[in-house]
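Asks: Quick one, what's the 3D model for this:
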Amino acid sequence: MAELAVETTAIDGLLVLRLPVHGDARGWFKESWQREKMVALGLPDFAPVQNNVSFNAEVGVTRGIHAEPWDKLVTVTTGRVFGAWVDLRAGDGFGRSVTLEIDPGTAVYVPRGVGNGFQTLEPATAYSYLVNDHWSAAAQDRYTFLDLADETVALPWPVPPEQRIVSDKDRTHPPLSAVTPVEPLQTVVLGGNGQLGRALAARLPGARVLTRAELDLAEPQAVTRLDLTGVGTVINAAAMTDVDGAETPQGRRLAWQVNATAVADLAAACRRHRATLVHVSTDYVFDGTTAVADETTPVAPLGVYGQSKAAGELAVGALDRHYLVRTSWVVGEGRNFVATMESLAARGISPSVVDDQRGRLTHTTTLAAGILHLLDTSAPYGTYHLTDGGEPVTWADVARAVFVRCGRDADDVTPVSTATYFGDKPHAPRPASSVLDLTKIRGTGFSPPVVAP
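Replies: Sure thing, here's the model as predicted:
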């Protein structure tokens, strides 16, 4: 008996499954969908939510070509069909076709945007398909149709036209030349006016980038206004990052709303819409007692900011399709430590800078590139640490390097302890070590660059 196998086709993402069929004197049995086995062989974990069966009484029943706004897995439970698929997605594959005979031992995974049709080859054929979204009348507005007899595609239907049984609707679909290609699922970036949001916007010209003015996670019902229809990925670059401000009563409430409650709402919304969530977190979820923290290091936040971010991580971790990206010491376009040191150097000021906190800078160019690498390569979902490469340094080391670059003497920066720097001033506790292990992200093929301050 043949083993379960998955085969690629000429259409990107269209996969053929060869299913073991167990038969005896009683009949036969097969597993039409077996998540663990099929995903291990390369089938996307497409999370079906509805199973439909089309019963076709006669030979020559011809259905399609329809591209619905979801993924599906098709097979037959009885009989045989001639299956036909046409890529109706925008891109180089537009118009490419694949045909295949399907019997109970065959299934086909059809990604969103690929038109699907079939023609029955035996009477009493039952055609079954799993889909990963619930059917609704409103969803039909997002269908894309193609003429069954389009001359450009020229599908080799085995049953001649005079013997076909076709619905009136399926006789009136447009030719390929009149089809509007199906656009990819959209990417939404939250926190578009922040340092990372700007870097992501520069790398994702087609994304919907929302600033705080457009979607403010500080508002308790903000996420309910976020329409994720047609969205495949949400990148949450928004956060309340005022570490010291989070220790005040008002700041505490704000930190928990933005970094925890809104993130939980966002994870729930992504679950409902089957969207992948990329959430950016921080080294502040650790207490800094571990010299180099990897993805398995237990979280132990010292202050309110870190506590609220750790709570947000728990909500994201419960979502199947997620990338939790922890980073540290972010530097990009806008207010940041390096920009502050440049300003002080230019104004002739000689600052005192702490030298008992160690970590690595993370330029937003590095962070954005690493996030897109995870998405583009379909890296395994989960938690990743992502900073610049290079040896760990202290804040004082960074300040000295910036001063030298600006033409000042490195000794114009005075290294001091954190306790001395703050004195009696109220402040949030900081982790002594913010060094994040980069082994896992490197294992995906991404090499964090060494970037000068």
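
Asks: My read is that residue 275 contacts residue 230, right?
Replies: No: applying CB atoms under 8 Å as the test, residue 275 and residue 230 come out as separate, 9.8 Å apart. C-betas here are computed from N, CA, C, even on glycine.

Asks: Between those two, which is the more surrounded one?
Replies: More crowded of residue 275 and residue 230, by other CB atoms under 10 Å: residue 275, with 23 against 15.

Asks: Give me the most central residue, the chain.
Replies: residue 276 (3.6 Å; CA atoms, centre = their mean).

Asks: which residues does that residue contact?
Replies: Residue 276 sits next to 232, 233, 234, 270, 321, 322, 323, 375, 381 when contact means CB atoms under 8 Å, 6 or more residues apart in numbering.

Asks: Is residue 353 in a helix, a strand, or coil?
Replies: Assigned state for residue 353: strand (three-state reduction, DSSP: H, G, I helix; E, B strand; the rest coil).

Asks: can you tell me how far it sits from residue 427?
Replies: 15 Å (CB to CB, to the nearest Å).

Asks: more neighbours, those two?
Replies: More crowded of residue 353 and residue 427, by other CB under 10 Å: residue 353, with 22 against 15.

Asks: just the helices in the stretch 101-250 of the chain please.
Replies: Counting by DSSP state H, counting those that start in this stretch, the stretch 101-250 of the chain has helices at residues 195-203, 249-256.

Asks: tell me which residues of the shortest one are tucked away?
Replies: The one in question is helix 249-256. 251, 252, 253, 254, 255, 256 (16 or more other CB atoms under 10 Å).

Asks: okay, and for the stretch 251-400 of the chain, where does confidence drop off?
Replies: By pLDDT under 70, the stretch 251-400 of the chain contains no weakly predicted segment.

Asks: what ranges do the helices span in it?
Replies: 262-273, 304-317, 337-346, 364-376, 395-405.

Asks: Listing request: residues of the stretch 1-150 of the chain with sub-threshold pLDDT.
Replies: Checking the stretch 1-150 of the chain against pLDDT under 70 turns up 1.

Asks: in it, which spans are strands?
Replies: Ranges of strands within the stretch 1-150 of the chain are 5-8, 15-18, 21-24, 27-30, 50-56, 62-67, 72-78, 81-87, 97-102, 106-110, 114-120, 125-131, 144-145, based on DSSP state E, counting those that start in this stretch.

Asks: Could I get those strands in CSV, plus columns for mean neighbour count and distance to residue 444?
Replies: Converted to CSV, the strands of the stretch 1-150 of the chain look like this (neighbours: other CB atoms under 10 Å; distance: least, CB to CB, whole Å):
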stretch, mean neighbour count, distance to residue 444
strand 5-8, 13, 22
strand 15-18, 18, 23
strand 21-24, 11, 37
strand 27-30, 11, 35
strand 50-56, 14, 33
strand 62-67, 23, 31
strand 72-78, 21, 27
strand 81-87, 25, 28
strand 97-102, 18, 30
strand 106-110, 23, 24
strand 114-120, 26, 27
strand 125-131, 20, 30
strand 144-145, 20, 33
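
Asks: Distance to residue 392 added to these, as CSV?
Replies: Formatted as CSV, the strands of the stretch 1-150 of the chain follow (distance: least, CB to CB, whole Å):
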stretch, distance to residue 392
strand 5-8, 43
strand 15-18, 44
strand 21-24, 58
strand 27-30, 55
strand 50-56, 51
strand 62-67, 50
strand 72-78, 48
strand 81-87, 48
strand 97-102, 52
strand 106-110, 45
strand 114-120, 48
strand 125-131, 49
strand 144-145, 52
